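*Asks:* Structure for the following, please:
(chains A and B)
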Amino acid sequence: MHFVLLAGLLFAAPLAVAAGASPTGSRPPWMAEVRKTQEQSFRLVKQGEYVYRAAGCYGCHTDEKHAGKPLAGGHALATPFGTFYSPNITPDPETGIGRWSEADFIRALREGLSPAGDHYYPSFPYPSYTKLTDEDLRALWAYLRVQPPVKQVNRKHDLKWFARARTFVGSWKGLYFTPGAYKPNAAKSAAWNRGAYLAEAAAHCGECHTPRTAFGGIKTGMHNAGTRDGPDDSVVPNITPDRKTGIGRWRASELAEYLETGLTPDGDSAGDLMAEVIDNGLQYLRKDDLAAIAEYVLSLPPVEHAVRKADKKPAKKEEFE
Amino acid sequence: MKHARFFHCSLLASVCLMAGTAFAAEPEDIIKYRQNVMKSQGAHLAAVGAIINGKVDFKGHLGDHAKALQATTKNIPSLFPKDSDFGETKALDAVWQKNAEFQKLAKDTQQKASALAKAVAANDSKNYGARFKDVADSCKACHKDFRKEEK
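*Replies:* A predicted model of the protein is given here:
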């Protein structure tokens, strides 16, 4: 429905331009209205595309490894709770989210609830997305509405017995989930707040970079400290500004460059999941936004927590001393 | 006669075996060598970045780093012989299982490194940034599917 409306508006564009260029200069008043609406929806879709990049929707909702269609889902995410398969978020009415309303979409991201009122597993990072502003959520919805629909039935999650009951997710939310948009910190600069918003609400760095409890909740006091039990059995590095085990020796400009190119200050390259995050999302962000993320991430409390094999060696040596 | 032939065959076989053992390095040594070569490539690339981004003023070294990068990326797949897939390596099995794709990406790195070296040799400073980013992207493209952080 929205898609048809937008397509109609796009076709109306040359008409409006032609009318504007006519020598008489007299345009029917409705045409100016049409143009205004059209410009507004175009701007909203553009803004939504930016949120979509920053939030990394494509990476998890596209099964790139098996040449899946964009946003059609089926991307496997192996966790200690079993394997989750991302759903189809294209506007296909049968298998995607084509029948959703904007309110359904906002509720899904802000409250982690499906249109039918079921809890989503937090493999869908709504504890972060809840912090997105209403405006950005609406923009993201506008962008997703104009993506090509793909007919692809969702694959069921393959979970371990203790994670199968969705009702327990309700208790989980009681413990670990606080809904609500990001509230700026008045004591900090605009750039810091922008970086905090992008890192915590959109890019959801902490979802992978923070170790979790046995119940899958974020470990308090360990924000961004890295984990050896990351998704797909990966080691996720410590990105707190700890000089020994984190990225405390990186300068903010180096971190911003890394988020764009994947190249670390010592010439190593991002690989695995982080390469995917950069390729499909972060590299498209504006330089000032990347600098803001870097400023924010490096301003967080350093946590000494060795997760990488190379980082663990000196710690072992100290034990003998 | 028959015995003589058997003798010659076995002699030849043992010579071959000896030659084989003489030339086949220990997998552990190959892995270490490979990691050192890769690290040197990263170091040269980081050095190029620091110079072209104006962080340091070693413009006179730029050509050396670019040439070293070009030389060491000439045949990356040769650093991954078949028996070097176990032990302390971050290389994924995909290196050997999807070898055609791996070779393609390695070739891309070689071409991108050559293009960077050529730009530097021609003093084409306007394109340093773009050529540098091409190499960084090429490294990332391969590390995305073929390397995993070791546990």
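*Asks:* so after the helix or strand harbouring residue B:104, what's the next helix or strand?
*Replies:* Residue B:104 is part of helix B:99-121 when elements are defined by DSSP states H and E. The helix or strand immediately downstream of helix B:99-121 is helix B:128-146, counting by DSSP H and E.
*Asks:* Dump that next one to PDB, restricted to CA.
*Replies:* In PDB, the C-alpha atoms belonging to helix B:128-146 read as follows (Å, rounded to 0.1, in the frame of the first residue of the first chain):
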ATOM      1  CA  TYR B 128      47.300   7.200  -2.800                       C
ATOM      2  CA  GLY B 129      44.300   7.200  -0.500                       C
ATOM      3  CA  ALA B 130      42.100   5.300  -2.900                       C
ATOM      4  CA  ARG B 131      44.800   2.700  -3.700                       C
ATOM      5  CA  PHE B 132      45.600   2.300   0.000                       C
ATOM      6  CA  LYS B 133      41.900   1.700   0.800                       C
ATOM      7  CA  ASP B 134      41.700  -0.900  -2.000                       C
ATOM      8  CA  VAL B 135      44.500  -2.900  -0.400                       C
ATOM      9  CA  ALA B 136      42.900  -2.700   3.000                       C
ATOM     10  CA  ASP B 137      39.500  -3.800   1.600                       C
ATOM     11  CA  SER B 138      41.200  -6.700  -0.200                       C
ATOM     12  CA  CYS B 139      42.800  -7.900   3.100                       C
ATOM     13  CA  LYS B 140      39.400  -7.700   4.800                       C
ATOM     14  CA  ALA B 141      37.600  -9.500   2.000                       C
ATOM     15  CA  CYS B 142      39.700 -12.500   2.500                       C
ATOM     16  CA  HIS B 143      39.900 -12.400   6.300                       C
ATOM     17  CA  LYS B 144      36.100 -12.300   6.400                       C
ATOM     18  CA  ASP B 145      35.600 -15.800   5.200                       C
ATOM     19  CA  PHE B 146      39.000 -17.500   5.600                       C
END
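*Asks:* buried residues in that helix?
*Replies:* In terms of neighbour count (16 or more other CB atoms under 10 Å in any protein chain shown), helix B:128-146 has its buried residues at B:128, B:131-146. C-beta: built from backbone N, CA, C; applies to glycine.
*Asks:* Give me the nearest residue to residue A:155, chain neighbours excluded.
*Replies:* Excluding its sequence neighbours, the residue lying closest to residue A:155 (CB to CB, 6 or more residues apart in numbering or on different chains) is residue A:85, at 4.0 Å.
*Asks:* tell me, how many neighbours does the one you found end up with?
*Replies:* 16 (other CB atoms under 10 Å in any protein chain shown).
*Asks:* wait, what's in contact with it?
*Replies:* A:73, A:74, A:75, A:76, A:77, A:154, A:155, A:156, A:157, A:158 (CB atoms under 8 Å, 6 or more residues apart in numbering or on different chains).
*Asks:* so how many other residues sit close to the third one?
*Replies:* In other words, residue A:75. For residue A:75, using other CB under 10 Å, the count is 21.
*Asks:* Now do the residue positioned nearest the centre of chain A, the pLDDT please.
*Replies:* With distances taken as CA atoms, centre = their mean, residue A:55 lies nearest the centre of chain A, 2.2 Å away. At residue A:55, the model reports a pLDDT of 98.
*Asks:* for residue B:6, same thing?
*Replies:* On the pLDDT scale, residue B:6 gets 55.
*Asks:* likewise residue A:34?
*Replies:* pLDDT, residue A:34: 89.
*Asks:* other SSEs contacting the host helix or strand of it?
*Replies:* Using DSSP H and E, residue A:34 falls within helix A:29-55. For helix A:29-55, the packing partners by 3 or more CB pairs under 8 Å, 6 or more residues apart in numbering or on different chains; DSSP states H and E come out as helix A:2-21, helix A:134-145.
*Asks:* rank those by mean pLDDT and give me the bottom one.
*Replies:* helix A:2-21 (a mean of 48).
*Asks:* Neighbours of residue 32, how many?
*Replies:* Looking at chain A here, since you left the chain open. With other CB under 10 Å as criterion, residue A:32 counts 13.
*Asks:* ah, I was thinking of chain B
*Replies:* 15.
*Asks:* does it count as helix, strand or coil?
*Replies:* Secondary structure state of residue B:32, per DSSP: H, G, I helix; E, B strand; the rest coil, is helix.
*Asks:* And it, what's its pLDDT?
*Replies:* 93.
*Asks:* Could you measure from it over to chain A?
*Replies:* 14 Å (CB to the nearest CB, to the nearest Å).
*Asks:* residues contacting that residue?
*Replies:* Per CB under 8 Å, 6+ apart, neighbours of residue B:32: none.
*Asks:* that older thread, now intersect the contacts of residue A:85 with the helices, please.
*Replies:* Among the contacts of residue A:85, DSSP state H puts none in helices.
*Asks:* so which of these comes closest to residue B:39?
*Replies:* Minimum distance to residue B:39 across those is 31.1 Å, recorded for residue A:77 (CB to CB).
*Asks:* surely the closest one meets residue A:60?
*Replies:* Yes. Between residue A:77 and residue A:60 a contact is recorded at 6.7 Å, counting by CB atoms under 8 Å.
*Asks:* ok so, going back, excluding chain neighbours, what is closest to the residue nearest to the centre of chain A?
*Replies:* Nearest to residue A:55 is residue A:202, by CB to CB, 6+ apart, at 4.5 Å.
*Asks:* Let me know whether that neighbour touches residue A:48 as I believe.
*Replies:* No. Counting by CB under 8 Å, residue A:202 sits too far from residue A:48 to count as a contact (11.9 Å).
*Asks:* what touches both of these two?
*Replies:* residue A:136.
*Asks:* With neighbour numbers in mind, choose between the two.
*Replies:* Taking other CB under 10 Å, residue A:202 and residue A:48 do not tie; residue A:202 has more neighbours (27 against 21).
*Asks:* could you list every residue that touches that one?
*Replies:* Residue A:202 neighbours (CB under 8 Å, 6+ apart): A:51, A:54, A:55, A:128, A:129, A:132, A:136.
*Asks:* Generate a ChimeraX selection restricted to the buried entries among those residues.
*Replies:* Filtering the contacts of residue A:202 down to the buried ones (16+ other CB under 10 Å) takes a single ChimeraX command:
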select /A:51,54,55,128,129,132,136
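*Asks:* between the contacts of residue A:202, which is nearest chain B?
*Replies:* Within the contacts of residue A:202, proximity to chain B (CB to the nearest CB) peaks at residue A:54, which comes in at 18.9 Å.
*Asks:* ok, now which ones touch the closest one?
*Replies:* A:198, A:202, A:203, A:281, A:282, A:285, A:289.
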